[in-house]
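1. dropping a prediction and its sequence here:
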Amino acid sequence: MHEFQDYHKINLNIGGKMYNLWVADSDKKKQKGLSTIDHLPDNHGMIFLYDKIQPSKRKFSMRNTAIPLTIVFLDEKGKTVHQEKCRPFQDKLIQSSKPYKYVIEI
């Protein structure tokens, strides 16, 4: 997808399924997320990288996102600490119940 041509990509096995993930490694990329697309190809998504463990009070929004997503919060060892299925344009903010280091949107 041309919206993410400047992004690095990684392949990651999530729940036994391989995903191609665009890497959101800057504040600008994290703020944009997947909000600019209206279709997500199969087995694609985005991973948000944080330098430090993030407190559980940081929230994610779907208000400008036109596609359904599952948001997965991971600790520094890659273990899932919170996961939530989200609807397009949902008003409810999403946050982890525990601190995290990575967030994946698929």
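-> Structure received. Numbers count the residues shown, from 1 in each chain.
2. and the helices in this protein?
-> 27-32 (DSSP state H).
3. the longest strand seen in it pairs with which strands, parallel or anti?
-> In the chain, with assignment by DSSP state E, the single longest strand is strand 44-54. Note on strand 44-54: by DSSP bridges, its sheet partners are strand 17-24 (parallel), strand 100-105 (antiparallel).
4. quick one: buried residues of the longest one?
-> Neighbour counts using 16 or more other Cβ atoms under 10 Å place 19, 21, 22, 24 of strand 17-24 among the buried residues. C-beta: built from backbone N, CA, C; applies to glycine.
5. mind listing residues that contact that strand?
-> Contacts to strand 17-24, defined as Cβ atoms under 8 Å, 6 or more residues apart in numbering, come from residues 4, 7-13, 29-30, 32-33, 43-49, 104, 106.
6. can you do 7 Å?
-> With Cβ atoms under 7 Å, 6 or more residues apart in numbering as the test, strand 17-24 has contacts from 4, 7-12, 30, 33, 43-49, 104, 106.
7. work out the gap between it and the centre of the chain.
-> 9 Å (Cα atoms, centre = their mean, to the nearest Å).
8. now do the shortest one
-> Relative to its chain's centre, strand 100-105 lies at 6 Å (Cα atoms, centre = their mean).
9. can you start the count at 491 instead of 1 from here on
-> Let's use 491 as the start, then, which means that last one is strand 590-595.
10. on that earlier part again, can I get the strands paired with strand 534-544 in a markdown table with mean pLDDT?
-> Formatted as a markdown table, the strands paired with strand 534-544 follow (pLDDT from 0 to 100):
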| stretch | mean pLDDT |
| --- | --- |
| strand 507-514 | 96 |
| strand 590-595 | 96 |
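11. list the contacts of the nearest residue to residue 594 once chain neighbours are set aside.
-> Closest residue to residue 594 apart from its sequence neighbours, by Cβ to Cβ, 6 or more residues apart in numbering: residue 562 at 4.5 Å. The neighbourhood of residue 562, defined by Cβ under 7 Å, 6+ apart, consists of 570, 573, 593, 594.
12. pretty sure residue 538 contacts residue 519?
-> No: checked against Cβ atoms under 7 Å, the pair residue 538 and residue 519 is beyond contact range at 8.2 Å.
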